[in-house]
Every structure is written in structure tokens, then in C-alpha cells.
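In: The following comprises the amino acid sequence and a computationally predicted model.
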Amino acid sequence: MTDDATFQRAYIGLGSNLETPQRYVLTALNELAMLPLCRLNAHSRLYASRPLGPQDQPDFINAVAILDTRFSPLALLDQLQALEQRHGRLRQRRWGPRTLDLDLLLYADSHINVPRLRIPHPEMTRRAFVLVPLAEVAPELTLPDGQRIDALARDMQQDGLRVVLPER
């Protein structure tokens, strides 16, 4: 937990492609809202996307959440990984299928590069399934390097990304 009582803004990428992926993502959004020392500020609609890497798996359901938190970045990562574990997350192969994937994309204006965590997430600007929902909930957001999320999302090839659940 951070030493001061102020909330920090974090952006979380959510994904699932096993069993009932929409349910996993919606349940995870509810669970993010119930994390101690956190407030769920907003979340995107749900999007379907083709898998990265191995194509012998179902499409993913993705979303992005804005979470205000008093956890430090590593403590928040611990909370996210505990949620993944409660949903049966197995790490069998890189970019393989999963019940739930929670990625800490951004934390305030932090730059973090430690073995367990890199912020900003090193792949986020190359993934439509991250940029498009992120631009939906935070179009004015600017990355620490000055790139605007709305411009990155607008210029991103969307490769079949589609909205599957428009309600918020």
C-alpha cells in the first residue's frame, strides 16, 4: 500500500477466451470494484478480438477498466494476479488461452521496469484490443512519452476488433 492516503489512477486491461469469456470479464469488473483500497471509476464496452500468437484458440473478449487505488503498483499487481488465480488462470504457454488475464497497463504517470512489472505496459501501443477500449474510456489520456491514446487508437489497424457488449 502507498504511504499517503491519495488515490492513484490505474488502467487495467482485461481479457478472457475460455469457457464463458464474457462472464469472466464482467465478473472481474465487479471484483475490481470490490477490491479494498480501490474504486472502479469506469470501464469500456466488451470487445471481441482474434488471439495473438497461436491461432488454435477461441477469440478473446477484452475490456479496459479505470481503477483508482491506494495500492502501490506491485501491491496492485498482486491483487490482480490473485483475481486471475481465483478464476483458474493457468500460464501454460505465451499468448495461450486463459480464463482471465488482467494487465496493469498504466499507473499514474509512473515508469516502472522491474522483473515483475513494466509500466507503461510494453505492448499496449501495438494492440487494438487495448487501445480502442482505452480510448473509449480515456480519450484525452496521454502516455508518459506524450503520445495521445485517441490518436494511437484512431491510427491502429483494428484487425476484426468488434464490440460484443455495448452496455456499461
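Out: Everything's here; your move.
In: can you pull out the strands in this structure?
Out: Using DSSP state E, the strands assigned to the chain run over residues 8-16, 38-43, 46-49, 60-69, 101-107, 112-114, 117-119, 162-165.
In: any idea how far the spatially closest residue to residue 73 that is not a sequence neighbour lies from residue 68?
Out: Distances taken as Cβ to Cβ, 6 or more residues apart in numbering place residue 107 nearest to residue 73, at 4.6 Å, with adjacent residues excluded. Yep, even glycine has a C-beta here, placed from its N, CA and C like the rest. For residue 107, the distance to residue 68 (Cβ to Cβ, to the nearest Å) stands at 11 Å.
In: My guess is residue 131 contacts residue 155. True?
Out: No - here residue 131 lies out of contact with residue 155, judged by Cβ atoms under 8 Å, at a distance of 9.1 Å.
In: burial count for residue 31?
Out: Applying other Cβ atoms under 10 Å, we find 17 residues neighbouring residue 31.
In: confidence score at the closest residue in space to it that isn't next to it in sequence?
Out: Once flanking residues are discounted, residue 31 sits nearest to residue 83: 5.7 Å by Cβ to Cβ, 6+ apart. We have a pLDDT of 96 for residue 83.
In: Spit out the contact partners of residue 65.
Out: Counting by Cβ atoms under 8 Å, 6 or more residues apart in numbering, residue 65 touches 11, 12, 14, 29, 32, 40, 41, 42, 43, 44, 137.
In: Of the residues you listed, grab the buried ones for ChimeraX.
Out: Command for ChimeraX, covering only those of the contacts of residue 65 found buried under the criterion 16 or more other Cβ atoms under 10 Å:
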select :11,12,14,29,32,40,41,43,44,137
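In: Now the common contact residues for residue 107 and residue 68.
Out: Any residue near both residue 107 and residue 68 by Cβ under 8 Å, 6+ apart counts here, and that gives 8, 9, 10.
In: Which one of those residues is nearest to residue 102?
Out: Proximity of the shared contacts of residue 107 and residue 68 to residue 102 (Cβ to Cβ) peaks at residue 10, which lies at 10.9 Å.
In: Around residue 97, how many other residues sit close by?
Out: Should you count by other Cβ under 10 Å, residue 97 turns out to have 19 residues around it.
In: on that earlier part again, can you select the buried ones among the shared contacts of residue 107 and residue 68 for me in ChimeraX?
Out: Here is the ChimeraX selection string for the buried members of the shared contacts of residue 107 and residue 68, based on 16+ other Cβ under 10 Å:
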select :8,10
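In: Fine by me, we can end here.
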